[in-house]
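A.B. asks: sequence? don't have it. structure:
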């Protein structure tokens, strides 16, 4: 009698455990859950990408400072009478627009050689 009760209880517990495990997995595979998981992974990837970009920028600034120091670009000018270097424009301003030409009513020439003359 105790043996049957033990095995009945063990089977019921295994059934409950398997049912909850399957239901949990099914909830993870719903479209809403998959969308939420994808969004979380995208946000995490964005954070990692931002950290990487900040590390690259810090390395660039450090290397630029090292090169400027090695080439003497960071040193103050020796002759104070010289003006500071000017920055030039990377893009020139657009040229002034030409006045519009009056429209003509002439028919355009066609160069179709198969036309009857």
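C.D. replies: Perfect, I can see it now. Since the structure is predicted, the reported quantities are computational estimates derived from the model, not experimental observations. Numbering: from 1, shown residues only.
A.B. asks: ok now whatever helix or strand residue 42 lives in, how far from the chain's centre?
C.D. replies: Element membership of residue 42, judged by DSSP states H and E, is helix 31-71. Remark: helix 31-71 is offset 10 Å from the chain centroid, using CA atoms, centre = their mean, to the nearest Å.
A.B. asks: now do the contacts for residue 40.
C.D. replies: Contact analysis of residue 40 by CB atoms under 8 Å, 6 or more residues apart in numbering lists nothing. Just so you know, the C-beta spots here come from the backbone N, C-alpha and C atoms, and that holds for glycine as well.
A.B. asks: go on, residue 37?
C.D. replies: Counting by CB under 8 Å, 6+ apart, the residues that residue 37 touches are residue 28.
A.B. asks: could you check the pLDDT of it?
C.D. replies: According to the prediction, residue 37 has pLDDT 91.
A.B. asks: again, but for residue 73
C.D. replies: 79.
A.B. asks: distance check, the residue lying closest to it once chain neighbours are set aside against residue 57.
C.D. replies: Leaving aside its chain neighbours, residue 73 sits nearest to residue 67 (7.8 Å; criterion: CB to CB, 6 or more residues apart in numbering). In this view, residue 67 and residue 57 are 16 Å apart by CB to CB, to the nearest Å.
A.B. asks: residue 7 too?
C.D. replies: 66 Å.
A.B. asks: repeat that for residue 32.
C.D. replies: Residue 32 is 37 Å from residue 57, by CB to CB.
A.B. asks: do residue 9 as well
C.D. replies: For residue 9, the distance to residue 57 - CB to CB - is 63 Å.
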